[in-house]
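Colleague: Here is my input; please provide its structure:
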Amino acid sequence: MKKRLILFILITAFALPRLVAQTRLGVYAAGFYNLENLFDTIDDPGPGDDEFTPAGAYNWTQDKYEKKLRNMATVISRLGREVCPAGPAFLGVSEVENRRVLEDLVKTEPMASMGYEIVHYDSPDRRGIDVALLYNPKLFKVTSSQVYPYRYPNDTTYRTRDQLLVSGTLAGKPFHVIVNHWPSRYGGDKSSVFREFAASITKHITDSIRTADPAAKVLIVGDLNDDPDNKSCREVLKARKKQSEVEPDGLFNATWGLFEKGIGSLCYQNQWNLFDQLIISANLLGKDRSTLKYWKAEIFNRDFLLQKEGKYKGYPLRTFSGNVFQNGYSDHLPSLIYFVKEIR
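Modeller: Model prediction:
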């Protein structure tokens with residue numbers, strides 16, 4: 001008995017320091033969601049919102065607007081909750097009319113209790129839609145923000161969304177997120193030059209951040225209206241498919257692997273595209289989890305977000321089918337990225 005007691009004490013003495021030294025991983029989620037025409041019912045000056053008024057083509061009433069808010073709030077309230085009880089630290093959003101609709105959204109349950117705050121600037125977009133960032137101030141501390149306008153060379157009439165840069169701290173370290181909604185594919189293949197120019201703006205922002213601080217961590221999110229293998233992302237941004245291909249000052253496209261597996265964030269003519277991309281700086285890769293590192297990415301393609309029947313069965317369940325109100329969510333699915341950091 002005495003020998004067993006001595007052996008137990010020795011084993012405990014040896015194992016205890018190791019148990020104390022074991023680490024836990026803190027998980028942080030971030031993401032992007034195209035909210036598909038989140039307009040209020042007020043007819044503002046200019047033509048951008050004419051369809052989204054009570055007298056407009058969509059007969060956009062206060063009741064429909066409030067249903068849209070509840071649906072968006074429901075989706076956002078569920079993002080990342082399996083591993084992040086508080087939800088995403090921040091979420092880039094697009095297709096929002098103004099700050100007013102964002103204020104209404106963050107006050108709508110089941111999202112209101114999440115305590116999100118807003119970074120938003122008005123864009124000169126001809127449709128009257130903007131990008132913005134919703135963030136949890138307990139997780140992401142915003143220190144500054146600014147927009148980068150889109151000015152296509154030799155064309156003073158082209159108007160689209162600004163790119164939004166928000167800087168702050170995540171897990172105690174400087175972190176920067178760039179929120180995008182690049183020009184649409186209207187006009188077919190010829191329109192690619194507009195997205196390639198948008199990509200050059202994003203690349204300039206990223207390079208400027210990393211030049212000022214090589215240790216800066218950067219996340220690019222947005223509806224890029226291109227897939228990961230299109231020229232804008234592959235050649236202009238130089239966002240790589242494999243982590244092993246990423247240069248020390250380069251970018252990794254965390255959504256490219258999903259796209260290769262046939263996973264998309266929107267569906268058009270029975271073809272899935274992955275426009276809602278997540279791209280990170282190289283210093284978020286690696287196994288040293290004493291600092292924030294990339295874990296995984298996903299498209300939030302839960303069953304309740306998809307059409308259950310009809311011609312568009314399996315597509316994202318959107319707000320309207322033609323001019324018929326479906327009480328759906330969005331024609332895009334949210335995209336999410338997860339980071340981990342050791343907690344001792």
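
Colleague: separation between the spatially closest residue to I220 that is not a sequence neighbour and V236?
Modeller: Spatial nearest neighbour of I220, excluding adjacent residues (CB to CB, 6 or more residues apart in numbering): I279 at 4.1 Å. No exception for glycine: its C-beta is placed from N, CA and C like everyone else's. Separation of I279 from V236 (CB to CB, to the nearest Å): 12 Å.

Colleague: related to what we said a few turns ago, which neighbours does the helix or strand encompassing the residue nearest to I220 have in its sheet, and in what orientation?
Modeller: When elements are assigned from DSSP states H and E, I279 belongs to strand 276-281. Sheet partners assigned to strand 276-281 using DSSP bridges are listed as strand 217-223 (antiparallel), strand 251-253 (antiparallel).

Colleague: Check what contacts stretch 201-209 and list those residues.
Modeller: Under the criterion CB atoms under 8 Å, 6 or more residues apart in numbering, residues 148, 150, 163, 165, 176, 178, 180, 216, 218, 220, 236-238, 251, 281 lie in contact with stretch 201-209.

Colleague: I205 should be in a helix, yeah?
Modeller: Yes. Assigned with DSSP: H, G, I helix; E, B strand; the rest coil, I205 falls within a helix.

Colleague: can you count the residues close to it?
Modeller: Per other CB atoms under 10 Å, the neighbour tally for I205 reads 20.

Colleague: For R344, give its distance to Y294.
Modeller: Distance of R344 to Y294, computed by CB to CB: 20 Å.

Colleague: if we can go back for a sec, quick one: the residue nearest to I220 and K241 touch, right?
Modeller: No. Using CB atoms under 8 Å, I279 makes no contact with K241, being 11.2 Å away.

Colleague: Show me whatever sits in contact with both of these two.
Modeller: Common contacts of I279 and K241 (CB under 8 Å, 6+ apart): N253.

Colleague: Looking at these two, which one has more neighbours?
Modeller: I279 (27 against 18).

Colleague: okay, that one: pLDDT?
Modeller: Here, the pLDDT recorded for I279 equals 99.

Colleague: For it, name its beta-bridge partners.
Modeller: Going by DSSP bridges, I279 forms beta bridges with I220, N253.

Colleague: Distance of it relative to I178?
Modeller: Counting by CB to CB, the gap from I279 to I178 is 9 Å.

Colleague: Name the residues contacting each of these two.
Modeller: 219-221.

Colleague: Can you tell me which of those is nearest L35?
Modeller: Proximity of the shared contacts of I279 and I178 to L35 (CB to CB) peaks at V221, which lies at 13.6 Å.

Colleague: ok, that closest one - contacts?
Modeller: V221 makes contacts with 30-32, 92, 177-180, 276-279, 335, 337, as judged by CB under 8 Å, 6+ apart.

Colleague: what does L336 give?
Modeller: Counting by CB under 8 Å, 6+ apart, L336 has contacts 29-31, 79-80, 88, 278, 297-300.

Colleague: Among those residues, which lie within strands?
Modeller: Mapping these onto strands (DSSP state E) picks out 29-31, 278, 297-299.

Colleague: Look up the closest residue to Q243, ignoring the ones flanking it.
Modeller: Ranked by CB to CB, 6+ apart and with sequence neighbours excluded, the top spatial neighbour of Q243 is L285, at 5.3 Å.

Colleague: what's near enough to touch that neighbour?
Modeller: Counting by CB under 8 Å, 6+ apart, L285 touches 243, 246, 252, 293-294.

Colleague: Could you rerun that using 6 Å?
Modeller: Contacts for L285 (CB atoms under 6 Å, 6 or more residues apart in numbering) come out as 243, 252, 294.

Colleague: Need the phi and psi values for it.
Modeller: Dihedral angles of L285 (phi, psi; degrees, to the nearest 10) stand at phi -100, psi 160.

Colleague: where does the stretch 1-150 of the chain dip in pLDDT?
Modeller: Across the stretch 1-150 of the chain, residues meeting the criterion (pLDDT under 70) sit at 1-23.

Colleague: Please report which of the contacts of stretch 201-209 has the highest neighbour count.
Modeller: I220 leads the contacts of stretch 201-209 on contacts (other CB under 10 Å) with 29 neighbours.

Colleague: Buried residues, stretch 260-274. List them.
Modeller: 264-267, 272-274 (16 or more other CB atoms under 10 Å).

Colleague: Now, these that are in strands?
Modeller: Among these, the ones falling in strands (DSSP E) are 266-267, 272-273.

Colleague: what's the closest non-adjacent residue to Y152?
Modeller: Distances taken as CB to CB, 6+ apart place Y158 nearest to Y152, at 4.7 Å, with adjacent residues excluded.

Colleague: Give me the distance between the residue positioned nearest the centre of the chain and L133.
Modeller: With distances taken as CA atoms, centre = their mean, F32 lies nearest the centre of the chain, 1.7 Å away. Distance of F32 to L133, given as CB to CB: 10 Å.
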